[in-house]
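K.L.:
need coordinates for the below:
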Amino acid sequence: MADNYHVLELIGEGSFGKVYKGRKKYTGQIVAIKFIPKVGKPEKELRNLRREIDIMRNLHHENIIEMSDSFETDKEVAVVTDYAEGELFQILEDDGNLPEEQVQHIAAQLVSALYYLHSHRILHRDMKPQNILLGKGGIVKLCDFGFARAMSFNTLVLTSIKGTPLYMSPELVEEKPYDHTADLWALGCILYELFTGTPPFYTNSIFQLVSLIIKDPVKWPKNMSPMFKDFLQGVLTKNPRQRLAWPELLHHPFVAELVKVREEDTSLPSPFTQPLTASMIRMKDEQAKEKAHPKGTSKILAKARKKAMEEEEKKGTRIENGTVEVPNTTSGKKPAGTESREAWGPKLKSDECGAVPDSHLPVPQHPDREHTKDWENTGLSKISSRENADPTPRTDRISKDYEKEYPSIEIEGRRTIRKSSDKQPTKNIENVKLDGEEVDSDDEWQGLIDVTDADGEPESALKLLTDKKFLSKLTARVESSSAQVLDGMLEGAARLRTVLRVITNLVTLKCDVELIVSAIRAVNLPKMPLKLLSDILDKSKVKQQPWCQQILVDLVIALNAYFASEISWTDHVDKQIAVEFLDAMGNFMSLLPKLMNQQVDEDLRLREQSILCAMYTCEAMERDKLKLADQYFTMLSCKHTAALDALMAATLPDTAILYKLTELAEGNEELAVDRHENMTHLSLSCLATMLNIPLEMDNGANGRRKIAHYLGDKMASKGHEKLTDDFLIILRHPPQCSNMLKVVYACCQVSTTFCSYISNQQQHMESLLGVLMGKVELADMEVNTVIEMLIHILSTIVIQLQTLPPTLTDAASLMVSIFLESTIASHT
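P.N.:
As a prediction, the model looks like this:
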């Protein structure tokens, strides 16, 4: 096999072996030939190499380096691949960074390559600029499958730590089980680096790097377009479950028009590119749980510390917090051994005494990439000078460097080529100026959630409530994140969630109502969540986002907090505040039908929170501190009958919802039915709360009667027979019986047509009498209440109709015995 090629010139070498430019005999085809010595290699490494060859042999995609041949001799393994004209990493080092349009074209090609790999259940696991080659015409070629893993259909997560630290995802550096989305995180890191010239997270210390990747937000340059930024925010989401992934990633506007995906790849049953079924989600969670490392057993940091200790012993250095410090020397040279390996490759200039002037080693800086100096004041580095670095040969194309496998204390070096000093920088320093909107970190807002939480310090929360500067900051964040949400941006959703949590915590504080009023006015509550709810419900683009349901839920919870706040518990608020409260309740009820019937609400969490919020408005009116009860319930009966209809409809069986709930419950029909019945119970409870008139006759009695009149007449009207029959049959279900009787009683009291309808329907009269006869199994504590309500209902029907329905005539003896044997106080 070796005789089939002419070896032309050496183009790269490393501990893996040597790469030569070659020409295939008789055809003239230019190829790259890599020779990997077998001598001295452990059997495991040779097995890994052969596995890599097996993977590459079956890869055929225009954006993946093609392996055309492989063979072995006694001493070497040889791999023959396409010959690529250039390396993306070398272009990055030469030019500093790339314009967004060029990055966009590269992104589309890498997305295409990754989709191909993931659709064939292959994880790359070492995505980085060094592993991206450039073919003729600027076509991108992904290479180096030394860490790649072909997955079985039932293997959904991995735990072995592979890759290059700078491009590792949070779950990887935390050594948690990970999946294909780790490749997508690395893709985001690469694209960020191509545009800015630096990775999103970098430092010389592995300890610091792990912390940065897990905790720190990405710093966004001002000149990055919103579309590109949104794409990167999606793939650089720290939570892998919320990370932008397939198939949504293909349709992101940043790449959608440029990406090429073969039709046959989209139909492959890969768990990485196709939506997971409920059973597969369960399997994935179980695998992640089984494979998770116990806390405090980080192999990465343990090996890093061990390596650091070894280096300390060799060099006479000391280690503090994971950062190596080099002691001063009186000569102009570094201590012996320090030149052996450095985190970023090139050597540091020492000061006059030969010591590194800061314990933090610098970020990588190319002499012709002066804009990287702008990063010096970001807290990531304080040193910018470098010595000359020798040019490096071309790096490994398709296989791993056997010395690079993570973990170790070093972060893989950045080798730069010194250019002539007279060349001008190719890019403006604006490229790396940080966007001012990111000054306040997610960690800060998470801390505010903790401070304002019910379990936190009340004094601290109260201080925030009166801090005008803080409230102004709160408002600004709400406005900016709301705008991003309406643009369909993931970052906006994440930021809005945190700020809504803080607002919810503050509004529900038990304190002087004037403080609450002042705070809600500052943050534009309740108008802000109401308007945002309305805007989201009208935007199909936003409703397609996977985070849409959660944002809607959080907005409803914020409104719920407002309705349950001290405002509804005090009777001495300003009249204008009371008017705003009434308007807010009305506006929410106008949104209720839409909120209860959103396609994204598969598990019915949004429906649940919306109904609870409606119930809170009724409970606030029952307290009647604001003297608004009659106005509110009258408004419901006239202007918001659609909300009443939606609540009624939500009590009825829905096969489509049951099917989706069963799927979410991984085929467990019992769980699905329970969830559906809970929603029925909640909806019916809400209706009962609206209709039930307390014994002490509250100020809302008149309005409640109007609601009952509307519902009673609706159920008795022509064309609604099936809806009414399905609704009233719920009487026979023990959990719903009591609330249904409250609804029936309220409607009978005010609607003669309803009394007539129910008395002429034998099945409904039988339902009432059946409950009376004990055919519906009730809790002991409910029996007396239910019997009394039934007697009142039947009596009301007789009074309203001024006649005894035939069914009651036949049950006269039963009625008499109930009165004679009853121990209920009102019957004696």
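
K.L.:
buried residues, the strand or helix carrying Ser518. List them.
P.N.:
Per DSSP states H and E: Ser518 is located in helix 513-522. The neighbour-count check on helix 513-522 (16 or more other C-beta atoms under 10 Å) flags 513, 516-517, 519-520, 522 as buried. Just so you know, the C-beta spots here come from the backbone N, C-alpha and C atoms, and that holds for glycine as well.

K.L.:
out of these, which is nearest to Ala650?
P.N.:
Distance to Ala650 across these (C-beta to C-beta) is lowest for Ile520, with 29.8 Å.

K.L.:
on contacts alone, who are the packing partners of the helix holding Ser518?
P.N.:
helix 458-465, helix 468-486, helix 490-507 (3 or more C-beta pairs under 8 Å, 6 or more residues apart in numbering; DSSP states H and E).

K.L.:
what lies in contact with that helix?
P.N.:
By C-beta atoms under 8 Å, 6 or more residues apart in numbering, the surrounding residues in contact with helix 513-522 are 462, 465-466, 468, 471-472, 474-475, 506-507, 509, 525-526, 562, 565-567, 569-570, 572-574, 577.

K.L.:
again with stretch 571-590
P.N.:
Applying C-beta under 8 Å, 6+ apart, the contact partners of stretch 571-590 are 513, 517, 526-527, 530, 559, 562-563, 567-568, 613-614, 617, 625-628, 631-632, 635-636, 639-640, 642-643.

K.L.:
pLDDT at Ser472, what is it?
P.N.:
Note on Ser472: pLDDT of 92.

K.L.:
follow-up on the earlier one: only the buried subset of the contacts of stretch 571-590, as a ChimeraX command please.
P.N.:
Selection of buried members from these for ChimeraX, criterion 16+ other C-beta under 10 Å:
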select :513,517,526,530,559,562,563,567,568,613,614,617,625,626,628,631,632,635,636,640,643
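
K.L.:
and the contacts of stretch 571-590, which of them are in strands?
P.N.:
Using DSSP state E, no member of these falls in strands.

K.L.:
now, the contacts of stretch 571-590 that are in helices?
P.N.:
Members of the contacts of stretch 571-590 lying in helices (criterion: DSSP state H): 513, 517, 527, 530, 559, 562-563, 613-614, 617, 631-632, 635-636, 639, 642-643.

K.L.:
returning to that earlier point: return the members of the contacts of helix 513-522 classed as buried.
P.N.:
In the contacts of helix 513-522, burial by neighbour count holds for 462, 465, 471, 474-475, 506-507, 509, 525-526, 562, 565-567, 570, 573, 577, counting by 16+ other C-beta under 10 Å.

K.L.:
give the ranges of residues in the stretch 351-500 of the chain that sit below the confidence cut-off.
P.N.:
Applying pLDDT under 70 to the stretch 351-500 of the chain flags residues 351-443.

K.L.:
centroid residue for the chain?
P.N.:
In the chain, the centroid-proximal residue (C-alpha atoms, centre = their mean) is Gln242; its distance is 2.9 Å.

K.L.:
ends of stretch 90-100, how far apart?
P.N.:
End-to-end span of stretch 90-100 (C-alpha to C-alpha, to the nearest Å): 18 Å.

K.L.:
for Gly586, which three-state class applies?
P.N.:
helix (DSSP: H, G, I helix; E, B strand; the rest coil).

K.L.:
run a quick neighbour tally on it.
P.N.:
Counted by other C-beta atoms under 10 Å, the residues lying close to Gly586 total 17.

K.L.:
distance check, it against Lys718.
P.N.:
According to C-beta to C-beta, to the nearest Å, Gly586 and Lys718 sit 30 Å apart.

K.L.:
domain parsing for this structure?
P.N.:
According to automatic domain parsing, the chain comprises the domains 2-82, 90-291, 440-570.

K.L.:
need the ones you listed in a markdown table with distance to Ala779, can you?
P.N.:
Conversion of the domains of the chain to a markdown table gives the following (distance: least, C-beta to C-beta, whole Å):
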| stretch | distance to Ala779 |
| --- | --- |
| domain 2-82 | 63 |
| domain 90-291 | 33 |
| domain 440-570 | 28 |
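
K.L.:
just give me the lowest mean pLDDT stretch among those.
P.N.:
Sorting these by mean pLDDT places domain 2-82 lowest, at a mean of 78.

K.L.:
so what's the residue count around the nearest residue to Leu533 once chain neighbours are set aside?
P.N.:
Counting by C-beta to C-beta, 6 or more residues apart in numbering, Leu533 lies nearest to Leu555, which is 5.1 Å off, once chain neighbours are set aside. Close neighbours of Leu555, defined as other C-beta under 10 Å, add up to 26.

K.L.:
who touches the helix or strand where Leu555 lies?
P.N.:
Leu555 belongs to helix 548-563 when assigned by DSSP H and E. Helix 548-563 is contacted from outside by 485, 493, 496-497, 500-501, 503-504, 507-508, 520, 525-526, 529-530, 532-533, 536-537, 542, 581, 584-585, 588, 595, 598, 600-602, 605-606, 609-610, 612-613, 616-617, 620, using C-beta under 8 Å, 6+ apart.

K.L.:
with only the CA atoms kept, save that helix in PDB.
P.N.:
Output of helix 548-563 as PDB, limited to C-alpha atoms (Å, rounded to 0.1, in the frame of the first residue of the first chain):
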ATOM      1  CA  CYS A 548     -41.800  30.500  25.700                       C
ATOM      2  CA  GLN A 549     -44.000  28.400  28.100                       C
ATOM      3  CA  GLN A 550     -41.700  29.100  31.100                       C
ATOM      4  CA  ILE A 551     -41.600  32.900  30.400                       C
ATOM      5  CA  LEU A 552     -45.400  33.000  30.200                       C
ATOM      6  CA  VAL A 553     -45.600  31.000  33.500                       C
ATOM      7  CA  ASP A 554     -43.200  33.400  35.200                       C
ATOM      8  CA  LEU A 555     -45.200  36.400  34.000                       C
ATOM      9  CA  VAL A 556     -48.400  35.000  35.300                       C
ATOM     10  CA  ILE A 557     -46.700  34.200  38.700                       C
ATOM     11  CA  ALA A 558     -45.600  37.900  38.800                       C
ATOM     12  CA  LEU A 559     -49.200  39.000  38.300                       C
ATOM     13  CA  ASN A 560     -50.300  36.400  40.900                       C
ATOM     14  CA  ALA A 561     -47.900  38.000  43.400                       C
ATOM     15  CA  TYR A 562     -49.400  41.400  42.600                       C
ATOM     16  CA  PHE A 563     -53.000  40.200  43.200                       C
END
